[in-house]
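Enquirer: I would like the atomic coordinates for the input below:
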Amino acid sequence: MSEDLHVLIVDDDFHVAKLHSAYVDSVPGFKALSPAGTAELALRAVESQHPDLVLLDVYLPDAFGLDLLRTLDTDVLILSAAAEAASVRQALRRGAIGYLIKPFAAEQLTQRLRAYARYRRILAGDQTVDQDTIERAIRSLSPSVSAGP
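Expert: Have a look, this model is predicted:
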């Protein structure tokens, strides 16, 4: 990948956002943007910086992250302490590409980011794809599945 994938961390806890930014920056091919601590700041950042991926918390001071998810026109991975099955279903139904429950080890996020990079490589550019390519891209989002280059 010639250019880094830009990642926006949306979390109201400054220390957690800083930690997640460090995790992102430690993965080759990824660069963390300045974190956003509210839904309003997240919306502005998405509009102005066009991140490739947003790491979104469910609990924000000014909005429910799953409501914000519905409005974001970018790929979103949920990182949250919200462990209710209903929250996970709602996140996936609203378009999240994955869900990681806090707290988690750096390696778990690293695996998700690498899986996302594979997904982006498979669906790069504007070419027409076939069903096998789509299936491979979807499978590649699972960190435990090797989907090839």
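Enquirer: Please enumerate the helices of this structure.
Expert: 14-25, 39-49, 65-69, 85-93, 106-122, 131-140 (DSSP state H).
Enquirer: Show me which of the ones you listed has the highest average neighbour count.
Expert: Mean neighbours per residue, mean count of other C-beta atoms under 10 Å, is largest over the helices of the chain for helix 65-69, with a mean of 21. Yep, even glycine has a C-beta here, placed from its N, CA and C like the rest.
Enquirer: Give me the contacts around that helix.
Expert: With contacts defined as C-beta atoms under 8 Å, 6 or more residues apart in numbering, helix 65-69 is touched by 10, 39, 42-43, 56-60, 76, 78, 80, 87, 90-91, 94-96.
Enquirer: ok, 7 Å please
Expert: With contact meaning C-beta atoms under 7 Å, 6 or more residues apart in numbering, helix 65-69 is reached by 39, 42, 56-59, 76, 80, 87, 90-91, 94-96.
Enquirer: In this structure, which residue is most central in space?
Expert: For the chain, Leu77 is the residue whose C-alpha lies nearest the centre (C-alpha atoms, centre = their mean; 3.0 Å).
Enquirer: so who does the closest residue to that residue other than its chain neighbours touch?
Expert: Spatially, and ignoring its direct neighbours in sequence, Leu77 is nearest to Gly98 (4.8 Å; C-beta to C-beta, 6 or more residues apart in numbering). Contact analysis of Gly98 by C-beta under 7 Å, 6+ apart lists 77, 112, 141.
Enquirer: can you check Ser142 too?
Expert: Ser142 sits next to Ala115 when contact means C-beta under 7 Å, 6+ apart.
Enquirer: okay, Glu3: pLDDT?
Expert: For Glu3, the model assigns a pLDDT of 89.
Enquirer: Ala32 versus that one, what's the distance?
Expert: Distance, Glu3 to Ala32, using C-beta to C-beta, to the nearest Å: 15 Å.
Enquirer: Pick out whichever of these two has more residues nearby.
Expert: Ala32 (22 against 8; other C-beta atoms under 10 Å).
Enquirer: can you pull up the bridge partners for the more buried one?
Expert: Taking DSSP bridges, one obtains Val7 as the residues bridged to Ala32.
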